[in-house]
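Peer 1: Structure for the following, please:
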Amino acid sequence: MEFDEDDEDLKIKGNIDPHVMQEHQRRMEMKRREQLNKTMQDKAKKEEEILSGKKGFLYKMNFPEVPLIKPDTPRLSVVGLENGMLSINNIWVPGAVLLFPYRYYMWGVMDAHEIKPHTLDIFKVVKPKPSYLIIGTGKYMVEFNDDIYDYFKDIKIKVEIMPTFEAVTHFNMCNEDEMNIAAAVIPNNL
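Peer 2: Have a look, this model is predicted:
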């Protein structure tokens, strides 16, 4: 017996043969599976088009495994601190800085009260991820909410907060000992 989804006999209770109803449910399930398969195939086709077209060229690029740090690169050391600047390996750098063993990055924070978890998101993606982070808060120690500590606990980085002079001294000692360390410091006069 053939029938449509909208067949009136299916809507009236008591007029449906159980075998007919099972057949109807089986056909509906097959139709749903066919639609799902078609949707999945369409999605795979679109992804393939993206990967083979202009938008996908980055996905197919083979970036060489080149070490980012040259073997003879000296470790960073903060050798001076004055007038809102840090002297890193005898180069004066203005403003707040994120320090890693071999590189530093300018940091868009002017005051310790601007330091929030999102201002330190680089630590989620930087490789190798430091196991220890020192935050230098300027001339004086500034306490933070627990959200900073929770943020770094979640990404498994130990955090210490201290005035900048102590932070850079601590960074220098740990970096000399070849520890996997980083520092986020705000110069004293900012």
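
Peer 1: in the chain, which spans are strands?
Peer 2: Ranges of strands in the chain, per DSSP state E, are 78-82, 85-88, 91-94, 97-99, 104-106, 132-136, 158-162, 181-185.

Peer 1: Tell me which of the ones you listed lies nearest to Gln41.
Peer 2: Nearest of the strands of the chain to Gln41, taken as CB to CB: strand 104-106 at 44.7 Å. Any C-beta I mention is one placed from the backbone N, CA and C, and that applies to glycine too.

Peer 1: Show me what that closest one is packed against.
Peer 2: Other helices and strands packing on strand 104-106, by 3 or more CB pairs under 8 Å, 6 or more residues apart in numbering; DSSP states H and E, are strand 97-99.

Peer 1: May I see the strands of the chain arranged in a markdown table, with distance to Arg33 and mean pLDDT as well?
Peer 2: As requested, the strands of the chain are arranged in a markdown table below (distance: least, CB to CB, whole Å; pLDDT from 0 to 100):
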| stretch | distance to Arg33 | mean pLDDT |
| --- | --- | --- |
| strand 78-82 | 64 | 91 |
| strand 85-88 | 62 | 92 |
| strand 91-94 | 62 | 92 |
| strand 97-99 | 52 | 95 |
| strand 104-106 | 52 | 92 |
| strand 132-136 | 51 | 95 |
| strand 158-162 | 51 | 94 |
| strand 181-185 | 52 | 96 |
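
Peer 1: Now render those as CSV, adding distance to Ala112.
Peer 2: Listed next are those as CSV, based on distance: least, CB to CB, whole Å:
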stretch, distance to Ala112
strand 78-82, 15
strand 85-88, 15
strand 91-94, 17
strand 97-99, 14
strand 104-106, 17
strand 132-136, 8
strand 158-162, 9
strand 181-185, 10
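
Peer 1: I'd like those strands laid out as JSON lines, including mean neighbour count.
Peer 2: Output for these, formatted as JSON lines (neighbours: other CB atoms under 10 Å):
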{"stretch": "strand 78-82", "mean neighbour count": "16"}
{"stretch": "strand 85-88", "mean neighbour count": "19"}
{"stretch": "strand 91-94", "mean neighbour count": "13"}
{"stretch": "strand 97-99", "mean neighbour count": "24"}
{"stretch": "strand 104-106", "mean neighbour count": "14"}
{"stretch": "strand 132-136", "mean neighbour count": "23"}
{"stretch": "strand 158-162", "mean neighbour count": "16"}
{"stretch": "strand 181-185", "mean neighbour count": "25"}
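
Peer 1: Ok, which of those comes nearest Glu143?
Peer 2: Proximity to Glu143 (CB to CB) singles out strand 158-162 among the strands of the chain, at 7.4 Å.

Peer 1: what lines up beside the closest one in the sheet?
Peer 2: strand 132-136 (parallel) (DSSP bridges).

Peer 1: So what angle separates the directions of the partner strand and strand 78-82?
Peer 2: Between strand 132-136 and strand 78-82, the angle comes out at 20 degrees (axes from the mean of the first three to the mean of the last three CA atoms, to 10 degrees).

Peer 1: what sits up against strand 132-136?
Peer 2: 115, 120, 123, 144, 148, 152, 157-168, 170-171, 174, 179-186 (CB atoms under 8 Å, 6 or more residues apart in numbering).
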